[in-house]
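> Quick one, fold the following:
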Amino acid sequence: MQTLEKEVTEALAHLERTDQKKFERIKKEISHESLTLIQTLLLLLN
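This next block holds a predicted model:
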């Protein structure tokens with residue numbers, strides 16, 4: 001799971017550097033609740 005979390009973090013960081021428009025779109029489309037749910041599920045799986 002830590003590998004998946006690292007890969008997602010790296011992908012988002014890369015997208016932020018290379019395509020700010022797409023990065024902002026992802027930030028807007030993924031709600032805070034969804035992010036919280038994802039984080040909780042990752043914690044439970046670890």
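> per-residue pLDDT, Met1?
Looking at Met1, its pLDDT is 59.
> next one: the one 3 residues further on
Leu4 is assigned a predicted lDDT (pLDDT) of 72.
> ok, it - contacts?
Leu4 makes contact with Leu42, according to Cβ atoms under 8 Å, 6 or more residues apart in numbering. Just so you know, the C-beta spots here come from the backbone N, C-alpha and C atoms, and that holds for glycine as well.
> Mind telling me what element it is part of?
Assessed by DSSP states H and E, Leu4 sits inside helix 2-18.
> Send me that helix as CSV with only the CA atoms.
Extracted C-alpha coordinates of helix 2-18, given in CSV (Å, rounded to 0.1, in the frame of the first residue of the first chain):
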residue,chain,number,x,y,z
GLN,A,2,2.8,2.4,0.7
THR,A,3,4.1,1.8,-2.8
LEU,A,4,0.7,2.8,-4.2
GLU,A,5,0.5,5.9,-2.0
LYS,A,6,4.0,6.9,-3.1
GLU,A,7,3.1,6.3,-6.8
VAL,A,8,-0.1,8.4,-6.6
THR,A,9,1.8,11.2,-4.8
GLU,A,10,4.5,11.2,-7.4
ALA,A,11,2.0,11.1,-10.3
LEU,A,12,0.2,14.1,-8.8
ALA,A,13,3.4,16.0,-8.2
HIS,A,14,4.5,15.3,-11.8
LEU,A,15,1.1,16.5,-13.1
GLU,A,16,1.4,19.6,-11.0
ARG,A,17,4.7,20.4,-12.6
THR,A,18,3.9,19.5,-16.2
